[in-house]
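K.L.:
Make a model of this:
(one chain, ligands or ions: 2)
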Amino acid sequence: MEEVTVPVIDLLNLPAESGKLLSACEGLGCFRVVNHRIPTELQREMKAAVRSLFDLPDDVKKLNSDIIAGSGYVGPTKENPLYEAFGLYDAADAADVEAFCSRLHASPRQRETIKTYALKLHELMVDIACKLADSLGLVDYSFKDWPCQFRLNKYNFTEETVGSSGVQLHTDSGFLTVLQEDESVGGLEVMDSSGTFVAVNPLPGSFLINLGDVAKAWSNGRVHNIKHRVQCKEATPRVSIALFLLSPKDGKVEPPPALVDSDHPRLYQTFTYVDYRKLRLSSGSRAGETLNLLATNQAPTIA
Ligand SMILES: O=C(O)CCC(=O)C(=O)O
Ligand SMILES: [Fe+2]
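P.N.:
Numbering: from 1, shown residues only. Ligands and ions are numbered 1, 2, ... in the order given. Presented below is the predicted three-dimensional model:
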C-alpha cells in the first residue's frame, strides 16, 4: 500500500506556514504538527497510564459511562470486534477529568498525568484551531469554550487478526481531532481525493490533526472532513489517544458571516452538534454522509 505524505506544520513557524496549513485542510483534511511544546515525557507517561487503564476488569471499565451519546466506554462490537475505547466528556472541564479518573480508580500518579495531559492538549488544540481560523482570514476567533471529548483507543491485535479491520471507515464528527498515534504500530489509513486508501505511518513526537464534519459545515465547505479507518497490520496491540474539539459551546454549528457571500452561499443548514451526533448514530453511516442530509437544498431534518 502507498504511504501518504502528510503535510507537517511547524507551529513555531506561523504565520509563515499559514498557506501550507490551509492547503492541507482544504486538500487532504489532515496534517501533522511539530514544535508543539508538549513534552515527550508527558506523551510517554500518558501512554503508560492509558495502557494500564485497559488492563482494568470489564466491570470497572464500564463505570466510564456516557455523558453524551457514545462518550463513555465502548467494548468490542460486531462492527469493530478488536476495538475498545474509554471516553471522557468534557476534557476542557477539570471537574469532568477528575470524575473520569475517580470512576476508574486511577492512582494519584495516573490522575496527575491524565489531568496535565488533558489541560495541555486542550490548550494545543485551541491554538491549532485559532491558527486554522487565521488562515481563513478570521481575526481573533476564539475556540476556548468549545467542549472537547477525549478518547483512549485500544486495538486488540493478534496473530489471527492480521488483515482484518481495527476500526471501520469513518469521519470524525466534531471540528478538529488531535491524535497521539501508537509509537510503533501503524494501521491508520486515510482516503485520498481519488478515493484510494493510503497508509499514515506514525511519526513519533508529532501529533496528527484530522478535520471532521463540524469543520466542513462551519467553514461553509472550505475544509475537508477526512475519511479514515484503522486496519490490523501486525500482531501487536495498538493504543492511540484522541482529543476532539467538538462544536461551539451553545452547540450551534453555522459558518462565521465572513465565510458566506454571494460567491459562497450557505451549503448547510444550522444544526446543533448534539442533534447531529444522534442523527449520525441512528443513521448508521459514519463517514460524513449525514452532513448531506443537512445541505441547504434538503428539507430540514433536525431543528
Ligand atoms: O487510532 C487511530 O489511529 C485513529 C483513531 C480514530 O480515528 C478516532 O479515534 O476517531
Ligand atoms: Fe477518527
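
K.L.:
ranges for the helices of the stretch 51-200 of the chain?
P.N.:
With DSSP state H, counting those that start in this stretch as the criterion, the stretch 51-200 of the chain has helices at 58-61, 94-103, 108-135.

K.L.:
closest one to ligand 1 among those helices?
P.N.:
helix 108-135 (13.8 Å; C-beta to the nearest ligand atom). Any C-beta I mention is one placed from the backbone N, CA and C, and that applies to glycine too.

K.L.:
which one of the helices of the stretch 51-200 of the chain is the most hemmed in?
P.N.:
The highest mean neighbour count among the helices of the stretch 51-200 of the chain, using mean count of other C-beta atoms under 10 Å, belongs to helix 108-135: a mean of 19.

K.L.:
can you tell me the average pLDDT over it?
P.N.:
For helix 108-135, the mean per-residue pLDDT is 97.

K.L.:
got it, and stretch 264-280?
P.N.:
On average, the pLDDT along stretch 264-280 is 93.

K.L.:
same question, stretch 285-295
P.N.:
89.

K.L.:
wait, does that stretch contact ligand 1?
P.N.:
No. Residues of stretch 285-295 are not located near ligand 1 by C-beta under 6 Å from any ligand atom, the shortest gap being 9.7 Å.

K.L.:
tell me which residues in stretch 185-199 are buried?
P.N.:
Residues of stretch 185-199 classed as buried by neighbour count (16 or more other C-beta atoms under 10 Å): 185-192, 197-198.

K.L.:
what would these look like in TSV with distance to residue 259 and pLDDT?
P.N.:
Formatted as TSV, these follow (distance: C-beta to C-beta, whole Å; pLDDT from 0 to 100):
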residue	distance to residue 259	pLDDT
185	38	96
186	36	95
187	35	96
188	30	97
189	30	97
190	25	96
191	25	94
192	25	91
197	30	94
198	29	95
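
K.L.:
so where do the strands sit in the stretch 151-300 of the chain?
P.N.:
For the stretch 151-300 of the chain, the strands defined by DSSP state E, counting those that start in this stretch occupy 165-170, 176-180, 188-191, 197-199, 207-211, 228-231, 238-245, 252-253, 271-272.

K.L.:
So which elements touch the fourth one?
P.N.:
This points to strand 197-199. The contact analysis (3 or more C-beta pairs under 8 Å, 6 or more residues apart in numbering; DSSP states H and E) places strand 197-199 against strand 188-191.

K.L.:
For the strand it packs on, which strands pair with it and how are they oriented?
P.N.:
The strands beside strand 188-191 in its sheet (DSSP bridges) come out as strand 197-199 (antiparallel), strand 228-231 (antiparallel).

K.L.:
Isn't residue 227 up against residue 191?
P.N.:
Yes. At 4.1 Å, residue 227 counts as touching residue 191 under the criterion of C-beta atoms under 8 Å.

K.L.:
Next, show the common contact partners of those two.
P.N.:
Shared contacts of residue 227 and residue 191 (C-beta atoms under 8 Å, 6 or more residues apart in numbering): residue 169.

K.L.:
is the closest residue to ligand 1 within the stretch 1-150 of the chain in a bridge, and if so with what?
P.N.:
Residue of the stretch 1-150 of the chain nearest ligand 1, by C-beta to the nearest ligand atom: residue 85 (7.1 Å). Beta-bridge partners recorded for residue 85 (DSSP bridges): residue 74, residue 153.

K.L.:
Count the residues that sit near it.
P.N.:
22 (other C-beta atoms under 10 Å).

K.L.:
need the helices of the stretch 51-200 of the chain in CSV with distance to residue 14, can you?
P.N.:
Shown next, in CSV, are the helices of the stretch 51-200 of the chain (distance: least, C-beta to C-beta, whole Å):
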stretch, distance to residue 14
helix 58-61, 40
helix 94-103, 28
helix 108-135, 6
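
K.L.:
Can you name the residues of this structure that neighbour ligand 1?
P.N.:
So far as C-beta under 6 Å from any ligand atom goes, the chain lies against ligand 1 at 151, 153, 172, 179, 181, 188, 228, 230, 240, 242.

K.L.:
The third one against residue 212, yeah?
P.N.:
Yes. With contact defined as C-beta under 8 Å, residue 172 counts as touching residue 212 (3.5 Å).

K.L.:
overlap in contacts of the two?
P.N.:
By C-beta under 8 Å, 6+ apart, the residues touching both residue 172 and residue 212 are 225, 244.

K.L.:
pLDDT at residue 302, what is it?
P.N.:
At residue 302, the predicted lDDT confidence score is 63.

K.L.:
I'd like the numbering to begin with 59 instead of 1 from here.
P.N.:
Will do, 59 is the new start, and the previous item becomes residue 360.
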